[in-house]
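Colleague: Give me a 3D structure for the following:
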Amino acid sequence: MLQFDFSPFPVLETENLILRKIRLEDALEVLDIRSNPETMKYIPRPLAKTIEDAEKFINETNQAIDNKELINWAIALKEGDKLIGMIGFFRMQPENFRGEVGYILHPNSHGKGIMKEALIEAIKYGFEKMKLHSIEAVIDPRNIGSEKLLQKTGFLKEAHFRENFYYDGEFQDTVIYSLLKK
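Modeller: Next comes the predicted model:
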């Protein structure tokens, strides 16, 4: 069975991006992203309403990283250190060598290849450093942008579950994509 250790926190670098630890100084950017109804449309979590909500999210995320339960990076452009999105592995299944990738990006950064670049680097880390055998992504089937991103990065559709999830007063579908280590 796999054992994860994210200490020291792994900072990842791509041609245009730095994937780094989310800090309390990022609270305004986290609030901006997580309070935006359009950004959160396909993420079944309550909208952040206050800076305290964002700080709580950051603290809980970093505590879970310290507890080796997940890893989550801030996505920042190299030409600045401002958080523009987040990406990480959640719902780890060490006994199955599997983890779920999740991501979110500020709408001002959509359509620029940023998330594809971040996802490719996260996948590389997941397979090479975490020793995962498979990575899954669970998405809302209405999220066409996310579906296209996953397909472009080699993920294959494994399942479409109809109305298997109840959130915010309605039953919702989920789709699972996965990528195997090659």
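Colleague: how about the helices in the chain?
Modeller: 27-34, 51-66, 114-128, 144-152 (DSSP state H).
Colleague: possible to save these as CSV with distance to residue 45, mean pLDDT and mean neighbour count?
Modeller: All C-beta spots, glycine's among them, are computed from the backbone N, C-alpha and C. Putting the helices of the chain into CSV (distance: least, CB to CB, whole Å; pLDDT from 0 to 100; neighbours: other CB atoms under 10 Å) gives the following:
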stretch, distance to residue 45, mean pLDDT, mean neighbour count
helix 27-34, 8, 98, 20
helix 51-66, 9, 98, 16
helix 114-128, 18, 98, 18
helix 144-152, 15, 97, 16
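Colleague: out of those helices, which comes closest to residue 104?
Modeller: helix 27-34 (6.0 Å; CB to CB).
Colleague: Show the secondary-structure elements that the closest one is packed against.
Modeller: When contacts are defined as 3 or more CB pairs under 8 Å, 6 or more residues apart in numbering; DSSP states H and E, helix 27-34 sits against helix 51-66, strand 83-93, strand 98-105.
Colleague: nearest to residue 38, of the ones you listed?
Modeller: Using CB to CB, the helices and strands packed on helix 27-34 put strand 98-105 closest to residue 38, at 11.5 Å.
Colleague: what's the offset of that closest one from the middle of its chain?
Modeller: 3 Å (CA atoms, centre = their mean, to the nearest Å).
Colleague: looking at the helices of the chain, which is closest to residue 7?
Modeller: Of all these, helix 51-66 sits nearest to residue 7, with 7.5 Å by CB to CB.
Colleague: residues making contact with that closest one?
Modeller: Residues from elsewhere that reach helix 51-66, judged by CB atoms under 8 Å, 6 or more residues apart in numbering: 6-7, 9, 21-24, 26-28, 30-31, 34-35, 48, 70-72.
Colleague: Could you do stretch 31-39 as well?
Modeller: Contact with stretch 31-39 is made by 40, 45, 47-51, 53-54, 57, 83, 85-86, 104-107, as judged by CB under 8 Å, 6+ apart.
Colleague: And the buried ones among these, selectable in ChimeraX?
Modeller: Here is the ChimeraX command that picks out the buried ones among those, judged by 16 or more other CB atoms under 10 Å:
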select :40,48,53,54,57,83,85,86,104,105,106
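Colleague: returning to what we had before: as TSV, the helices and strands packed on helix 27-34 with distance to residue 168 would be great.
Modeller: As requested, those are arranged in TSV below (distance: least, CB to CB, whole Å):
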stretch	distance to residue 168
helix 51-66	17
strand 83-93	20
strand 98-105	17
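Colleague: Could you give the number of residues near residue 93?
Modeller: Residues lying near residue 93 (other CB atoms under 10 Å) number 15.
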